[in-house]
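K.L.:
Return a 3D structure for these sequence lines:
(one chain, ligands or ions: 1)
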Amino acid sequence: MESKKSLIVAIDGYSSCGKSTIAKDLAKELGYAFIDSGAMYRAVSYYFIENDIKATSKPENLNEILKGIHIHFANVDGINTIFLNDKALTSEIRSKAVSSIVSEVAAMSEVRAKLVALQQSYGATGGLVMDGRDIGTVVFPDADLKFFVTADIDVRSQRRFDEVKNTVNAITLDQVKENLSHRDHIDSTREDSPLTQAPDATIIDTTHHTRESQVEEVKTYVAKLLKGN
Ligand code: DC
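P.N.:
A predicted model of the protein is given here:
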């Protein structure tokens with residue numbers, strides 16, 4: 001697909017509904033950068049765990065803590081990898097421990113302010129596909145294209161379970177479903193930048209879609225925009 005280098009594509013939606021898959025495939029197709037903003041909240045959560053910082057309530061010295069957290073992305077063997085204080089993070093940010101506190105950490109306004117500023121800096125030159133919860137509403141309210149991705153909770157739980165069952169020990173489908181519902185609830189009801197559909201976002205329901213068909217659907221919207229209609 002021909003691409004105009006300046007486009008910003010925002011993809012928001014619930015946990016495990018296929019946002020990152022769509023975003024990654026679309027970025028590849030367009031030759032754009034892809035940023036998984038959820039990985040950034042997960043990296044901060046990983047730091048909390050590694051440093052014995054409780055996430056049940058906001059730490060009093062949160063601003064001090066955040067000064068010690070430096071996040072960047074770099075290409076490692078062809079994979080856009082997140083780094084926390086120069087340590088590459090991969091499967092550790094998908095652990096049960098991280099998943100169980102990440103929504104609480106992401107609800108802290110100071111954490112959001114720091115990560116949103118970083119996310120906006122990645123969009124400075126355009127040519128970016130970013131997925132998350134507040135990309136089309138807060139991070140890039142003027143994004144060229146916005147998608148809001150949904151899927152049935154049972155389908156999402158099964159997909160997530162299939163993804164993590166070999167890396168996360170002793171996890172059950174019910175636990176995955178409970179964690180997704182818990183995160184959806186906190187993400188949608190928090191005070192700062194709750195997960196909500198931007199009024200100008202196009203809904204993509206992936207319940208009955210294959211990976212290929214959902215990317216094809218998104219690509220038709222991008223192609224229309226590139227043609228100028
Ligand atoms: O996309 P994910 O499941 O990896 O995201 C992990 C958590 O981070 C999710 O529970 C909500 C939060 N998040 C957020 O608040 N804002 C974003 N832009 C991305 C993720």
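K.L.:
Tell me the residues of this protein that contact the ligand?
P.N.:
15, 37-38, 41-42, 102-103, 106, 132-135, 183, 187 (Cβ under 6 Å from any ligand atom). In short, each C-beta sits where N, CA and C put it, glycine included.
K.L.:
how about a cut-off of 5 Å?
P.N.:
15, 37-38, 41, 102-103, 106, 132-134, 183, 187 (Cβ under 5 Å from any ligand atom).
K.L.:
Just name the closest of these to Ser193, please.
P.N.:
When those are ranked by distance to Ser193 (Cβ to Cβ), Asp134 comes first, at 4.1 Å.
K.L.:
What about that closest one, how many residues nearby?
P.N.:
Neighbours of Asp134 under the rule other Cβ atoms under 10 Å: 23.
K.L.:
Name the nearest residue to it, sequence neighbours excluded.
P.N.:
Sequence neighbours aside, Ser193 is the residue nearest to Asp134 in space, at 4.1 Å (criterion: Cβ to Cβ, 6 or more residues apart in numbering).
K.L.:
Where does the one you found sit: helix, strand or coil?
P.N.:
coil (DSSP: H, G, I helix; E, B strand; the rest coil).
K.L.:
from what I can see it touches Pro141, true?
P.N.:
No - if you go by Cβ atoms under 8 Å, Ser193 and Pro141 don't touch, sitting 11.1 Å apart.
K.L.:
what about the two, which has more around it?
P.N.:
Ser193 (18 against 13).
K.L.:
quick revisit: can you put the residues of the chain next to the ligand in a markdown table and add distance to Leu145 and secondary structure?
P.N.:
Formatted as a markdown table, the residues of the chain next to the ligand follow (distance: Cβ to Cβ, whole Å; DSSP: H, G, I helix; E, B strand; the rest coil):
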| residue | distance to Leu145 | secondary structure |
| --- | --- | --- |
| Ser15 | 22 | coil |
| Ser37 | 16 | helix |
| Gly38 | 19 | helix |
| Tyr41 | 23 | helix |
| Val102 | 26 | helix |
| Ser103 | 26 | helix |
| Ala106 | 24 | helix |
| Gly132 | 15 | strand |
| Arg133 | 17 | coil |
| Asp134 | 16 | coil |
| Arg183 | 25 | helix |
| Asp187 | 22 | helix |
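K.L.:
For the residues you listed, could you give me CSV that also reports pLDDT?
P.N.:
What follows is the residues of the chain next to the ligand, written out as CSV (pLDDT from 0 to 100):
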residue, pLDDT
Ser15, 89
Ser37, 98
Gly38, 97
Tyr41, 98
Val102, 96
Ser103, 95
Ala106, 97
Gly132, 97
Arg133, 97
Asp134, 98
Arg183, 91
Asp187, 93
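K.L.:
who does whichever strand or helix holds His185 touch, helix- and strand-wise?
P.N.:
Using DSSP states H and E, His185 maps to helix 173-189. Judged by 3 or more Cβ pairs under 8 Å, 6 or more residues apart in numbering; DSSP states H and E, the packing partners of helix 173-189 are helix 96-106, helix 153-164.
K.L.:
hey, which of the ones you listed is tucked in deepest?
P.N.:
Mean neighbours per residue, mean count of other Cβ atoms under 10 Å, is largest over those for helix 96-106, with a mean of 20.
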